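Chemist: Quick one, what's the 3D model for this:
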Amino acid sequence: MKRGLIGNLLRDLEAPIEARGFGTGWFAGFFSLVFAVAGLCFVAALRWPDWFAMPQLELVRGQSGFRAFVHVTLLAAYGLALLSLLLRPRKALGATALIIALVATLLGGAAVQPAESHNWGIFFGIDFFALNMIATGLMFAPIERIFPHRGDQRLFRTEWREDLFYYLVSSMMVQLITFLALAPSTFIMASTSNFGQFRAWVGGLPWLVQFAAAMFLTDLMQYWFHRAFHRWPFLWGFHAVHHSAKSMDWLAGSRMHFVEIILLRGVTSLPLLTFGFAPSVMQAYVAMVYIYASLVHANLRGDFDTLGKFLVTPRFHHWHHGIEDVAIDKNFAIHFPWLDRLFGTHHFPKGEWPSGYGVMEEVPRGYRAQFAYPFRNLFKRKAG
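Modeler: As a prediction, the model looks like this:
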């Protein structure tokens, strides 16, 4: 029965476009599922904070309005699930959302109190996953539907299950990823204690100046980091996983090998943590990057020829993923495309989009196979 329910749910999510228009109950079911999963994550984080909550989000969970937000989230899940059950012949979406919302309610709902649990020092950030899902998923899923570049591309297109798994893992494994990624900056901070005066000067700059400087410094480091992953064969094995996506949307940006995630966040954190930027600047930058990464991968129309000269836009980054020969090893910048013009890797033909996405080599399907792919290639090169 469980397999049947999951199978029916997946088939309903992947239903053809004509079976999920307005009035069919598909959108009500989809959003009820999103709200139900988010509500369950929030309730679990409130009930077992030692296991499922990020300490950095304790301030958010402690706000008086957070429980009201959780309550509204669960009510929205119930209401939309019932609407989907009324409108849709297939009941899998609405029924699944209703079951998840009921589980969240039985656990205590918005009024849940922390349960006594042993703190092992290890946590899974499901509250971070839920907030990230609401902030990006509920933002880009409707926008891509209303303003798509490729109108025939479905929300639940080919390979969406893999990308959602990457999205889930990178969010829930935030403690381990953060610990490994912060190791370089921790070492530098311990070795440069005499730079206190310089850090104080940076921290005293106007907030907007600090934010602009943080964007520039991180983009400069990411540019060369990104370029190295294209140039060196062993590193390319990790990055090829990201480029193997054959469709571009907000979720495709989360497809990234675990090793690359750690290295990328380690490089990004170096200027943020070692130059003395104010904590609010770092927090704002990290929040902006999560939204921006989804935006530049999104399936959104709009050429933005003028804006694309100064800021990375979806069309600019889509060319980085393009299958054409002219797109290979181009457009490495994350924020500022003029870095690519400066270093000779710029490609942004006016009004043109790539004809397709992906890589010429055969990157395997599935998270496990993709995790092993770079190492398998390394052993093949050594054997050869």
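Chemist: Residue ranges of each domain in this protein, please.
Modeler: 2-120, 176-383 (automatic domain parsing).
Chemist: Columns mean neighbour count, distance to G137 and mean pLDDT on top of these, output as TSV?
Modeler: Yep, even glycine has a C-beta here, placed from its N, CA and C like the rest. Output for these, formatted as TSV (neighbours: other CB atoms under 10 Å; distance: least, CB to CB, whole Å; pLDDT from 0 to 100):
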stretch	mean neighbour count	distance to G137	mean pLDDT
domain 2-120	18	6	85
domain 176-383	17	8	88
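Chemist: where does H149 fall, phi/psi-wise?
Modeler: phi -80, psi -50 (degrees, to the nearest 10).
Chemist: ok, which stretches of the stretch 151-300 of the chain are strands?
Modeler: Using DSSP state E, counting those that start in this stretch, no strands are assigned anywhere in the stretch 151-300 of the chain.
Chemist: Show me where it has its helices.
Modeler: 160-172, 174-181, 183-191, 196-203, 207-231, 233-243, 258-274, 279-297 (DSSP state H, counting those that start in this stretch).
Chemist: before we move on, back to that, need the domains of the chain in JSON lines with distance to F129, can you?
Modeler: Output for the domains of the chain, formatted as JSON lines (distance: least, CB to CB, whole Å):
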{"stretch": "domain 2-120", "distance to F129": "6"}
{"stretch": "domain 176-383", "distance to F129": "11"}
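Chemist: Out of the ones you listed, the one nearest D163 is which?
Modeler: Of all those, domain 176-383 sits nearest to D163, with 4.6 Å by CB to CB.
Chemist: Roughly how far does L102 sit from L40?
Modeler: L102 sits 10 Å away from L40, going by CB to CB, to the nearest Å.
Chemist: Correction: the previous question concerned G79.
Modeler: Applying CB to CB, the value for G79 to L40 is 16 Å.
Chemist: quick one: what helix or strand has the spatially closest residue to L74 that is not a sequence neighbour in it?
Modeler: Computed as CB to CB, 6 or more residues apart in numbering, the closest residue to L74 that is not its neighbour in sequence is G39, at 4.3 Å. Under the criterion of DSSP states H and E, G39 resides in helix 26-47.
Chemist: helices or strands up against that helix?
Modeler: helix 2-13, helix 49-52, helix 64-87, helix 92-106, helix 126-132, helix 138-146 (3 or more CB pairs under 8 Å, 6 or more residues apart in numbering; DSSP states H and E).
Chemist: can those helices go into a markdown table with extra columns for distance to M173?
Modeler: What follows is these, written out as a markdown table (distance: least, CB to CB, whole Å):
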| stretch | distance to M173 |
| --- | --- |
| helix 2-13 | 23 |
| helix 49-52 | 13 |
| helix 64-87 | 23 |
| helix 92-106 | 22 |
| helix 126-132 | 10 |
| helix 138-146 | 22 |
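Chemist: Among those helices, single out whichever gets nearest to W201.
Modeler: Comparing the helices and strands packed on helix 26-47 by CB to CB, helix 126-132 comes nearest, at 32.6 Å.
Chemist: centre of the chain versus that closest one, how much separation?
Modeler: 11 Å (CA atoms, centre = their mean, to the nearest Å).
Chemist: Check stretch 95-115 too.
Modeler: Relative to its chain's centre, stretch 95-115 lies at 25 Å (CA atoms, centre = their mean).
Chemist: go on, stretch 351-360?
Modeler: In this view, stretch 351-360 has its centroid 22 Å away from the chain centroid, taken as CA atoms, centre = their mean.
Chemist: Please enumerate residues in contact with that stretch?
Modeler: Stretch 351-360 is contacted from outside by 149, 240, 243-248, 303, 305, 315, 318-319, 321-324, 327, using CB atoms under 8 Å, 6 or more residues apart in numbering.
Chemist: now do stretch 324-338
Modeler: The contact list for stretch 324-338, computed with CB under 8 Å, 6+ apart, reads 215-216, 218-219, 222-223, 226-227, 230-231, 292-293, 296, 308-312, 316-317, 319-321, 339-340, 345-348, 354-355.
Chemist: before we move on, what about stretch 231-243?
Modeler: 228-230, 255-257, 259-260, 321, 329, 357-359, 361, 363, 370, 373-375, 377-378, 381.
Chemist: With that, I have no additional questions.
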